[in-house]
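Participant: coordinates only, sequence not included:
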């Protein structure tokens with residue numbers, strides 16, 4: 001049986017590969033290799049919302065899956081990026097229901113969106129890191145590889161009109177955006193509030 005290598009989410013940013021696509025960068029735990037995976041805008045949004053602990057007004061598709069699984073005591077124990085063919089990553093959801101264990105085929109982008117919701121580990125294999133990974137060398141001896149992080153996610157473009165709003169008005173606007181499921185605008189307002197707090 002092949003040895004599994006645990007990964008963690010390092011960064012989520014715009015991708016230069018194609019329009020409306022994003023790159024989620026997975027880092028090898030206790031190592032310096034990185035595995036970039038190109039995903040769509042919907043899945044990137046689903047991952048970002050959960051990582052930022054934002055609560056949508058209504059459950060998104062991945063939230064619905066989580067609620068469904070919880071209702072029937074189905075546990076996602078781990079996500080395994082199991083193969084890489086012609087530039088496409090393949091993943092398995094390792095699920096448990098009591099004594100029943102099943103591996104379910106899934107798109108990697110969906111698998112990662114579920115992993116952050118179930119707070120479960122993400123694994124891959126050596127041959128996938130060898131063929132699809134990148135090595136980030138530490139510049140100084142003793143530097144932790146996790147400090148050599150790829151470019152952080154690009155900040156959303158700042159929308160005009162925020163400067164004239166008070167913090168309370170922005171908080172209300174963010175809640176309205178969440179209720180309307182306009183998560184991009186909600187993230188922009190959140191970032192504006194964070195910028196203000198950092199300057200305070």
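Facilitator: Yep, that arrived. As the structure is a computational prediction, the values presented were derived from the model and not from experiment.
Participant: what about residue 26, neighbour count?
Facilitator: 24 (other CB atoms under 10 Å). For every residue, glycine as well, the C-beta is placed using N, CA and C.
Participant: please, which helix or strand holds it?
Facilitator: For residue 26, the host element (DSSP states H and E) is strand 21-28.
Participant: so after that strand, what's the next helix or strand?
Facilitator: Following strand 21-28 in sequence, per DSSP H and E, is strand 33-40.
Participant: next, the buried residues of the helix or strand following that next one.
Facilitator: Elements were assigned by DSSP H and E; along the chain past strand 33-40, the next helix or strand is helix 41-51. Of the residues in helix 41-51, 42-50 count as buried by neighbour count, 16 or more other CB atoms under 10 Å.
Participant: which of these lies closest to residue 35?
Facilitator: Relative to residue 35, the closest of those is residue 47; by CB to CB it sits at 14.9 Å.
Participant: now the closest one. Nearest residue, chain neighbours left out?
Facilitator: If the residues on either side of it in the chain are set aside, residue 47 comes closest to residue 113, at 5.1 Å by CB to CB, 6 or more residues apart in numbering.
Participant: cool, and residue 162?
Facilitator: According to CB to CB, 6+ apart, the nearest residue to residue 162 is residue 192 (4.8 Å).
Participant: tell me how many other residues crowd that neighbour.
Facilitator: 20.
Participant: now do the strand or helix carrying it: which elements does it pack against?
Facilitator: Assigned by DSSP H and E, residue 192 falls within helix 183-199. When contacts are defined as 3 or more CB pairs under 8 Å, 6 or more residues apart in numbering; DSSP states H and E, helix 183-199 sits against helix 41-51, helix 167-179.
Participant: so how far is it from its chain's centroid?
Facilitator: On the basis of CA atoms, centre = their mean, to the nearest Å, helix 183-199 sits 19 Å off its chain's mean C-alpha point.
Participant: got a list of what the residue nearest the centre of the chain touches?
Facilitator: Taking CA atoms, centre = their mean, the centroid of the chain lies closest to residue 47, which sits 3.9 Å from it. The contact partners of residue 47, by CB atoms under 8 Å, 6 or more residues apart in numbering, come to 9, 12, 24, 39, 112-113, 116.
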